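# Turn this into a structure:
(one chain, ligands or ions: 2)
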Amino acid sequence: MTAARPLLDVRDLVAGYGQISVLAGVSFEVGEGEMVAILGGNGAGKTTLIRAVSGVIRSAGGRVIFSGRDIAGWTTDRVGEEGLIQVPEGRQVFASLEVEENLRLGAILRRARANAKSELERVYALFPRLAERRRQAAGTLSGGEQQMLAIGRALMARPVLMMLDEPSLGLAPIMVDAMFETITQLAREGMSLVLVEQNVAESLAICKRAYVLENGKVVLSGRCDALLADDRVRQAYLGI
Ligand SMILES: Nc1ncnc2c1ncn2[C@@H]1O[C@H](COP(=O)(O)OP(=O)(O)OP(=O)(O)O)[C@@H](O)[C@H]1O
Ligand SMILES: [Mg+2]
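Ligands and ions are numbered 1, 2, ... in the order given. Sure, this is the predicted structure:
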């Protein structure tokens, strides 16, 4: 378990879309400086969970305690100002804007404006390919480069906790490895992270703890090394 008071403490979260209920009371926590994986197959509710935590959709019940405050019902901007930043599924970069314009939009939050210049240099140091392509329209980047841009944009907001929704989706194996290496580096630097993934084996290899979602419920959770050895995980998600 994590420290007495986790950075993010989600309790019995209920959320969905209109009449459609998706999350049926999900609880999970993230300690300061911890990297936690949320795993599960298509339609399990992973994206809905990230959206409900970050305020993109309104939760219908439960609590989202971040840095000691219940942020359930807050707007995404307000949640972002607290330092809880998501990298959305499917990158969602602004295709017609240049790489650097996309990055600068990440620093639009009050918390980030003053440091935009130094953060930009940090992002370019982390992703030299983005520096080389700073004047290129984001829509013409490769899938892997767009994912770098999406992460870079989130970094511009100076996150305390970054939630990544399937960063490896659609990437070639070599890009997947590079992406996981970058995420590991951010964790080493002390960033708190939530990693939503279908890439179960790789995620369990780099995270400390994980939660497995099925049908809007946590069906398994624990330390990643224990989950890697768990027969249910091996059969259902690793195919071994
Ligand atoms: N905007 C929406 N309106 C109605 N239902 C939705 C909406 N978005 C998602 N759903 C439904 O909610 C359920 C959970 O979807 P969600 O996107 O959270 O799954 P996921 O675990 O992220 O899946 P994937 O791995 O495919 O991204 C699915 O049954 C999906 O059809
Ligand atoms: Mg999803």
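
# Any chance you could list what contacts stretch 101-112?
Contact with stretch 101-112 is made by 77, 80-81, 83, 93-94, 97, 113, 115-116, 119-120, 123, 130, 138, 149, 152-158, as judged by CB atoms under 8 Å, 6 or more residues apart in numbering. For glycine as for every other residue, the C-beta is placed from the backbone atoms N, C-alpha and C.

# can I get the CA coordinates of it in CSV?
Extracted in CSV, the C-alpha atoms of stretch 101-112 (Å, rounded to 0.1, in the frame of the first residue of the first chain):
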residue,chain,number,x,y,z
GLU,A,101,2.1,26.2,-31.0
ASN,A,102,0.7,23.0,-29.6
LEU,A,103,3.2,22.9,-26.9
ARG,A,104,2.6,26.5,-25.9
LEU,A,105,-1.1,25.7,-25.5
GLY,A,106,-0.1,23.3,-22.8
ALA,A,107,1.2,26.2,-20.8
ILE,A,108,-2.0,28.2,-21.0
LEU,A,109,-2.9,27.3,-17.4
ARG,A,110,-2.0,30.0,-14.8
ARG,A,111,0.2,27.5,-13.0
ALA,A,112,2.4,27.1,-16.1
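
# residues contacting the closest residue to Gly45 other than its chain neighbours?
Closest residue to Gly45 apart from its sequence neighbours, by CB to CB, 6 or more residues apart in numbering: Gly216 at 4.2 Å. Contact analysis of Gly216 by CB under 8 Å, 6+ apart lists Ser21, Val22, Leu23, Ala24, Val26, Ala44, Gly45, Thr48.

# Having no further points to raise, I will conclude here.
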